[in-house]
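Undergrad: Quick one: sequence plus predicted model below, questions after.
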Amino acid sequence: MQLAGARFTDASAAFGNDLATLPNFPAEIRAPAGTLAGVSAFQIHIAGGDILTPGDSPDVLVAMNPAALKKNIDDLKPGGVIIANTDSFEERNLAKAGYEVNPLEDGSLDGYNLLTAPMDELTKEAVKDSGVTGRAVLRSKNFFALGALAWMFDRPQETTLDWVAEKFASKPEVVAANTSAFKAGYNYGITTEAFAVTTFEVPPAELPAGTYTNVVGNQTIAWGLIAGAQAAGLPLFYASYPITPASDVLHELSRHKNFGVKTFQAEDEIAAVGVALGASFVGHLGVTGTSGPGVALKSETISLALMAELPLIIVDVQRGGPSTGLPTKTEQSDLMMAIHGRHGEAPLPVVSASSPSDAFDAAIEACRIAIKYMTPVILLSDGYIGTSSEPWRLPDVAQLPSFPTTFATEINHDDGYMPYLRDPETLSRPWAVPGTPGLEHRVGGLEKDQLTGNVSYVPANHEAMTITRENKTKAVANDIPDIVIEEDADAEILVVAWGSTYSAVLAGVRNTRLEGHKVAHIHLRHLNPFPKNLDEVLARYPKVLVPELNRGQLSRLLRAEYLTPTESLSKVQGQPFMAAEIKAKIIEMLEA
Amino acid sequence: MATTYTRQDFQSDQEVRWCPGCGDYTILASVQTFMADAGIPKEDVVFVSGIGCAARFPYYMNVYGMHSIHGRAPAIASGISAARPELSVWVVSGDGDALSIGGNHLIHALRRNMNVKILLFNNQIYGLTKGQYSPTSEPGKRTKSSPMGSIDHPFNPVSLALGAEASFVARTLDMDRAHTIEMLTAAHEHQGSALIEIYQNCNVFNDKAFAELTAKDSRDANQIRLVHGEKILFDGGTKGVAIEEGRAFIVDVEQYGDDIVHTHDATLPDPSTAFALSRLAHGPHGPTPIGIFRDAPRAVYEDALDAQISSAIEAKGEGDLASVLGSNGTWTVG
């Protein structure tokens, strides 16, 4: 089903629709088919206009079996279209899904527009000459459904058929089977009365002029890291341990060794961050990527990077927690860990991505801060950004940021090389890498003298170094843009969000404005330190709403930092916000 | 190109702060002498350590260094060497650091054959935390944390390294500077990972742990010197080591002659013989092999990584960001 979803996405993108997707699949690789736990879903929202979210409630639900129907029917709009595979609505599957009677026949779906087809039988018939036999035959039935959808939504057939031909090039019989099934589904739509209710025409969206591509966030983070390393003039070194939903960043970067990118699949999370830090020590841009459980394991090494004052980027593609939690579902619950989750006084900059396309810029920004301030930086993404897709207007590569790295090459003090002699503005220390004659020095986790870097237990020195490290992180605020208010600056309410909720929050805000309300909205990229004008912006509004996919972590940070009486809208269901949820809360607060 | 150095060139300006009489002093002197002799440009040398008494080592070496966190030095050193294979990368670790908290990183660095030289200072005790039993302490050892005697079965570090298929494994003694320098030189010349177990006396918490091997009246009887290409004879040539059915044992040469005595070949591709030799002693009691157990070439991780980068560039050309950004397929609007 994920494959069929991805094909429909590409066909829609090629047609010029704006789109947003939400893959939703079980953590188990092969969860039992037909059970509720095993339902793999893919939600896509396509439009002729600018759209922000995968859609709160779909117009069409394709249910390949009773469990898929049961699990998703509540999301479907009243009067929406259900396309069901009647062959799978037999006794055994109905029982597995917990239906006592067949919902296709008992009238319970009367409020919907029910379209049915015996997809197993039709697929078997369609692929009988392809050379595919046995159990493999029914693997093509998703392509039958996809063909029917392509007809309903007037998608171009070529995008999918070209992809099939390329993807399965080594198995001509599979190409033949999937092609036949897809065409059979498409033709079934044209010829049968069963599907003749309506066809949806979704015209191409009016997007700003430019060249577009369709991207998922794990890919754009990888590309952003490559771009960030190029901007710095450094080789990129990515060390990681496989973990859902971050592994695709490792997969993507390992495909780009021709950029000089070195990837290293470590023996565990701790080794991965250690390898990355070692690479940074010798002048590479060391990056490690993981999800929440991995960040917990890496925290001691992150503190070492902070103490040694070396650049390091930790990508956290957040998932539902704590512990193993909901590995394939999204959440924003690592914010407090990113900001505070280390032993000792250990501040570091935290940057977040707000969408699949924005992840590219967020990754470049993380690289810039890490190198300029000689500090570990945590880059927060999440499962929703990492695995969902949207169109992206390609940037002009020549216009991307550039921040060439300067290594120390000369003695910087009358008494020799002082590794902790700081830049007075950024408080950053020089970066002298092995291979540089005359600058041999040692770094480490023990507290260091504020000039020589030698081990120091002097009480006042530890306090001075602790405060200097804190001030260095604060200095980043001098170097980031002021927060910009989107929508109505003169509103009574301000909505403050960060990360992947951007699209749902903006849609919720806009939908509220359409009803005549004034609503201000800001979205934070920099979570530590905050933009300098945030204090003043928050103070302007009597009501401040902070929607988050956690239990109010940013809300608490804002209260602690600015004594602002924020109100939290919390959701921890492993799913993104719906725009309607945001709108309902804004209206509730406006009416209160 | 070799540079001319003296031992003093490798001494940092930091006061050495180990306990008076600690074996670490001797090892430090041996390493500094070796470095001067080896002539590696000192700006190309990196020492990485974890936590423990031995881990202070990098502060005393006037080269690049990192005193990192407990157990993780092999991982950090792996990153250093993978990023910059031209550097000479050394890890200084102890029995607790390398074999307890850092056991995982140790075996994986050895398995990958990272070009990193690991010096394992084994004193069979936790010194920095003031005297708890370690993963190499003998069973029954009474310490602050084992007042009734340790019930942990100890690791044999050489056996462990050979089990991880380390391509170079040796053992030496802190007090024997000439032998230590010989082992360091061989490790440096070896391409790939090297583990040298150094029996190191902790005169405060575990004094004379290695006395059987070092005391004048017992060392000849207990030191089995492994020399590549030579028969394994010891105790003035009166005893030797034989290997039969994959097991090593000690034979009386005066009684059986020396035809039965095994001729040591450190370069065997299969580590089984080296492993058999490592089983002659479990802990430094009775006759114990000293020297190079294994020095066998095998593919080095850094070479393979660089080769993949070269072949990717050859196949696809130098990376072009614009073409990657468009690689999912594009469409044009307006």
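TA: Now that the structure is in, tell me what you want to look at.

Undergrad: quick check: mean pLDDT across stretch B:180-192?
TA: Mean pLDDT, computed over stretch B:180-192, is 98.

Undergrad: where does it sit relative to the chain's centre, distance-wise?
TA: Computed by CA atoms, centre = their mean, to the nearest Å, the chain-centroid distance of stretch B:180-192 equals 10 Å.

Undergrad: same check, this time on stretch A:580-588
TA: Distance, centroid of stretch A:580-588 to centroid of chain: 24 Å (CA atoms, centre = their mean).

Undergrad: What residues sit buried inside it?
TA: By 16 or more other CB atoms under 10 Å in any protein chain shown, the buried positions in stretch A:580-588 come out as A:E581, A:I582, A:K583, A:K585, A:I586, A:I587. Bear in mind the C-beta positions are built from the backbone N, C-alpha and C, glycine included.

Undergrad: Same question for stretch A:524-540.
TA: A:L524, A:R525, A:H526, A:L527, A:N528, A:P529, A:F530, A:P531, A:L534, A:V537, A:L538.

Undergrad: So which of these sit within helices?
TA: Applying DSSP state H to the buried residues of stretch A:524-540, the entries found in helices are A:L534, A:V537, A:L538.

Undergrad: Sort out which one of these lies nearest B:F210 for me.
TA: B:F210 lies nearest to A:L534 out of those, by CB to CB, at 62.8 Å.

Undergrad: Identify the spatial nearest neighbour of that closest one, chain neighbours not counted.
TA: Excluding its sequence neighbours, the residue lying closest to A:L534 (CB to CB, 6 or more residues apart in numbering or on different chains) is A:I483, at 5.5 Å.

Undergrad: Any buried residues in stretch A:414-432, and which?
TA: Neighbour counts over stretch A:414-432 (16+ other CB under 10 Å) mark A:Y417, A:M418, A:P419, A:Y420, A:R422, A:T426, A:L427, A:S428, A:R429, A:P430, A:W431, A:A432 as buried.

Undergrad: ok, now stretch A:248-262?
TA: Residues of stretch A:248-262 classed as buried: A:248-250, A:252-254, A:256-262 (neighbour count, 16+ other CB under 10 Å).

Undergrad: quick revisit: now the ones in helices among the buried residues of stretch A:524-540 in CSV, with pLDDT and distance to A:T116?
TA: Formatted as CSV, those follow (pLDDT from 0 to 100; distance: CB to CB, whole Å):
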residue, pLDDT, distance to A:T116
A:L534, 98, 54
A:V537, 97, 54
A:L538, 97, 54
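
Undergrad: now, which of the residues you listed sits nearest A:M1?
TA: A:L534 (42.2 Å).

Undergrad: Could you check how far the closest one is from A:D482?
TA: Counting by CB to CB, to the nearest Å, the gap from A:L534 to A:D482 is 8 Å.

Undergrad: what about the helices in the stretch 101-250 of chain A?
TA: A:119-126, A:141-152, A:157-167, A:172-191, A:217-232, A:247-254 (DSSP state H, counting those that start in this stretch).

Undergrad: So which of the buried residues of stretch A:524-540 sit within strands?
TA: A:L524, A:H526, A:L527, A:N528 (DSSP state E).

Undergrad: got a list of what the third one touches?
TA: By CB atoms under 8 Å, 6 or more residues apart in numbering or on different chains, A:L527 lies in contact with A:L335, A:A338, A:I339, A:V350, A:V351, A:S352, A:L380, A:W498, A:L554, A:L557.

Undergrad: what about 10 Å?
TA: Listed by CB atoms under 10 Å, 6 or more residues apart in numbering or on different chains, the contact set of A:L527 reads A:335, A:338-339, A:349-352, A:378, A:380, A:498-499, A:553-554, A:557.

Undergrad: what does the last one give?
TA: Contacts of A:N528 were listed using CB under 10 Å, 6+ apart, and they are A:335, A:338-340, A:347-351, A:377-378, A:473-474, A:476-477, A:557, A:561.

Undergrad: Give me the buried entries from those.
TA: A:335, A:338-339, A:347-351, A:377-378, A:473, A:476-477, A:557.

Undergrad: just the residues you listed now: which is nearest chain B?
TA: Proximity of the buried ones among the contacts of A:N528 to chain B (CB to the nearest CB) peaks at A:L348, which lies at 16.4 Å.

Undergrad: my guess is that closest one meets A:A338, correct?
TA: Yes. Taking CB atoms under 10 Å as the definition, A:L348 is a contact partner of A:A338 at 8.3 Å.

Undergrad: Quick check: A:L104 vs chain B, distance?
TA: Counting by CB to the nearest CB, to the nearest Å, the gap from A:L104 to chain B is 38 Å.

Undergrad: Can you report how many residues neighbour that residue?
TA: 20 (other CB atoms under 10 Å in any protein chain shown).

Undergrad: That one: what's its closest spatial neighbour, skipping adjacent residues?
TA: Distances taken as CB to CB, 6+ apart place A:F89 nearest to A:L104, at 5.4 Å, with adjacent residues excluded.

Undergrad: confidence score at the one you found?
TA: pLDDT recorded at A:F89 is 92.

Undergrad: And the one 3 residues further on, by the same measure?
TA: Reading off the per-residue confidence, A:R92 sits at a pLDDT of 90.

Undergrad: Report how many residues lie close to residue 126.
TA: You didn't pick a chain, so chain A it is. A:A126 has 27 neighbours, counted by other CB under 10 Å.

Undergrad: other chain: chain B
TA: Close neighbours of B:Y126, defined as other CB under 10 Å, add up to 26.

Undergrad: residues in contact with A:R7?
TA: A:42, A:142-143, A:146, A:149-150, A:155, A:159-161, A:163-164, A:167, A:178, A:182.

Undergrad: okay, among those, which ones form the most distant pair?
TA: Greatest spacing in those, by CB to CB: A:F42 and A:L161 (19.4 Å).

Undergrad: residue ranges with poor pLDDT in chain B?
TA: Residue ranges of chain B with pLDDT under 70: B:1-2.

Undergrad: ok, now chain A?
TA: Along chain A, segments meeting pLDDT under 70 span A:27-33, A:49-50, A:193-205.

Undergrad: near chain A at all, stretch B:54-63?
TA: Yes. Among the residues of stretch B:54-63, B:A55, B:R56, B:P58, B:Y59, B:Y60, B:M61, B:N62, B:V63 lie within reach of chain A under CB under 10 Å from any CB of the partner chain.
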